[in-house]
Structures are given as structure tokens and as C-alpha cells.
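J.: Sequence plus the predicted model coming up.
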Amino acid sequence: MNTITVAVPAASLSPIRRSYSFMALTPAALFLSVFFALPMGMMIGISFSQEEVGGFSVESYRRFFTDGLSVAGFCRTAVMSGLVAIAVTVLGYPVAYFLARSRSRWRALVFALALAPELAGVVLRTYGWLIILEDRGFINDVLLDLGLISSPLPLSKNLFAVVVGLTHVVLPFGILSLMTSIQGIDESLERAAQMLGASRVSVVRHVILPLSVPGLVSSLLLSFTMAASAYATPALLGGAGFKVLATMISEQVLFYVDWPFAAVMANALLLLMLVISFVGVRFEARHRTKRSGAGGATS
């Protein structure tokens, strides 16, 4: 039986492949253009408008940088989001490692408990923490009844309460991100390190952690962006005196009806998240390049 082989030049296929690639990207690009790029462009345009002037103005930006409350809210948002990102990653890593490596019957239960917070609404979970952390809440009542403290501890209406509440909200997403990264690490590397005499702590420190950097970066970025854009938890647990950009934007729109100034705050919040995301992605890319270079040198 004769076989006929037809050779098709690669150059003739490349335009077809490129056209298929563009066609595949068109729905997503159109969706992002209509529901993200266009609204953000309108938001940027609104930030440069001023009703009193009746045209282009940078007054809202000047007010943002000269108003101490706005800059303080920006810094408070960055600090709050950074603490939440660190807390979620540190607390979620052991759980993610257990879920990625365990074969015990308790794995399903731990996985269910890790995702259980997402079964309730954000407001419901926040009110639960409010009952626990407020001056006459569960923790202070127990400590007062035991005589360990003479006055309630300031556990609510501050940064601590907001970080605790947001960590509870974001933790399941961090666990899933870390678990996916750890599952992609070959288990034979851990067994090889243990056979060479490395302890469990050394294996995690020198093998698992370096190889799970993409998951760590993903968890940090996801937690940071979700915490920075959160509104309900800072508004309820932080109280009236704890102002972050999300709550300040709501005030400007609902109470002061100052859309240009609210747009400036929204642009500042978006810029903060974009900068943090860019830094995280660049760090992960440099780490990957360094690893590949070290692997090529050793081979």
C-alpha cells in the first residue's frame, strides 16, 4: 500500500493560524472593551471635568493630593490590603499543602471547611465578626468574666478588625490558588530530598517554597486586589472613623454627589492595584528566569 505525503509550506499556514487566533480572542477582547475599557475611559474623562469651570480641569486631582484625608485613605488602603494579602498567604499555605498532598479521609472535610465561608454572604460574615469583636462581644465578654481584663479591648472599629474580617473573606481564594500551585510540583522531588537526608522542614523550605513562588505571588495579588476593592467589610468593621478608598468613593457619590472627585479616587485605586500587579508579575517572571538559568547551568 502506497502512502502519499503532502507537504504544506509552514508560511501558508501561519496567516490562517493568526486569523484563527484573532477570531478566538475577539469575544473576550470585545467583552473587556465594552465592560471594562469603555467605563474606565469614561471614568478618566469624568475625573478631568468640573461643573464650575464647565470644561477640562485638574482641580479634582489637585484636591486629592493636597487633601490630607484622601492621601491618608490611599495609604490606609495600601496598608490594609498588604496585611490581608500576607495574612491570607501565611494562613492558607499550610492548608493548601495539606489539601495538595494528603490522601487521608480528612481531606474532603478540610476542603469543605476551607470553602465554607463562601456559602454565606459577605455582609453576614462581617456581622458575625462584629458580634465577636465588638466591645460587648464574645471575646471581651469571656475575658471580662474570667477577670483577665478590666475594660473591653479595642478589637473593633479599627484596622485590626478590618484585616481579620477581610482575611476570613479572602482566605478560600488564597487556599485554592496555593493548592493549585503545589499540586503542580512533582512529588518525586520531595521524596528525593528526603532520601538524601533532608528533614520535612528543609524540604518545604528549599524545595516546595521556591517551586511554589507562582502560587505565592498569585495568592498575594488576588488577596491584595480583593481587599483593596472591598467595601462592606471596612464599612461595617472599620466604623465611621476608618476610611479607605472604597468607602470614601461611596461617600463622594451618595452624600456629596461629587462625581469628578470620586472618579479621581477610583482611578487612584485602580492605579494602586495595577502597580502592585505589575510588580508581582515581574517578580514572578524574574524568579522563573533565574530558575531556568540555574537549571541550565547545572545541567
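T.: Nice, thanks for sending it over. Quantities reported herein were computed from a predicted structural model and do not represent experimental measurements.

J.: Would you report the backbone torsion angles of the closest residue to Leu236 other than its chain neighbours?
T.: Spatial nearest neighbour of Leu236, chain neighbours left out: Thr126 (4.7 Å); criterion: C-beta to C-beta, 6 or more residues apart in numbering. Using the backbone N, CA and C atoms, a C-beta is placed for each residue, glycine as well. Main-chain torsions, Thr126, degrees, to the nearest 10: phi -70, psi -40.

J.: Residue for residue, what is the longest helix this structure has?
T.: helix 259-298 (DSSP state H).

J.: now that helix: mean pLDDT?
T.: Average pLDDT, helix 259-298: 84.

J.: Check which residues of that helix are buried.
T.: 259-270, 272-273, 276-277, 280, 284 (16 or more other C-beta atoms under 10 Å).

J.: cool, and stretch 177-194?
T.: In stretch 177-194, counting by 16+ other C-beta under 10 Å, buried: 177-179, 181-182, 185, 190, 193.

J.: low-scoring stretches of the stretch 101-250 of the chain, by residue?
T.: Along the stretch 101-250 of the chain, the model assigns pLDDT under 70 to no residue.

J.: Show me the helices in it, by range?
T.: 107-115, 122-133, 138-145, 159-183, 187-195, 200-203, 209-211, 213-228, 232-238, 245-254 (DSSP state H, counting those that start in this stretch).

J.: now the last one, how far from the centre of its chain.
T.: If I follow you right, that is helix 245-254. 21 Å (C-alpha atoms, centre = their mean, to the nearest Å).

J.: Against which helices or strands is that helix packed?
T.: Helices and strands touching helix 245-254, by 3 or more C-beta pairs under 8 Å, 6 or more residues apart in numbering; DSSP states H and E, are helix 68-101, helix 232-238, helix 259-298.

J.: now do the second one
T.: If you count contacts as 3+ C-beta pairs under 8 Å, 6+ apart, helix 122-133 packs onto helix 138-145, helix 159-183, helix 232-238.

J.: circling back to that earlier point, touching, the residue nearest to Leu236 and Leu237? I think so.
T.: Yes. Between Thr126 and Leu237 a contact is recorded at 6.1 Å, counting by C-beta atoms under 8 Å.

J.: Which residues are in contact with each of those two?
T.: Common contacts of Thr126 and Leu237 (C-beta atoms under 8 Å, 6 or more residues apart in numbering): Gly165.

J.: Compare neighbour counts for these two and give me the winner.
T.: Leu237 (26 against 23; other C-beta atoms under 10 Å).

J.: is it true that the more buried one touches Gly128?
T.: No. With contact defined as C-beta under 8 Å, Leu237 does not reach Gly128; the gap is 10.6 Å.

J.: how far is stretch 181-189 from where the chain is centred?
T.: 23 Å.

J.: Return the residues in contact with Gly73.
T.: Contacts of Gly73 by C-beta under 8 Å, 6+ apart are 243-245, 248, 265.

J.: same thing but at 7 Å, please
T.: 243-245, 248 (C-beta atoms under 7 Å, 6 or more residues apart in numbering).

J.: Give me the distance between it and Pro172.
T.: Counting by C-beta to C-beta, to the nearest Å, the separation of Gly73 from Pro172 is 27 Å.

J.: for His206, same thing?
T.: Distance of His206 to Pro172, computed by C-beta to C-beta: 28 Å.

J.: So for those two, which sits in the more crowded spot?
T.: When neighbours are counted by other C-beta under 10 Å, His206 and Pro172 differ, and Pro172 comes out ahead with 19 against 12.
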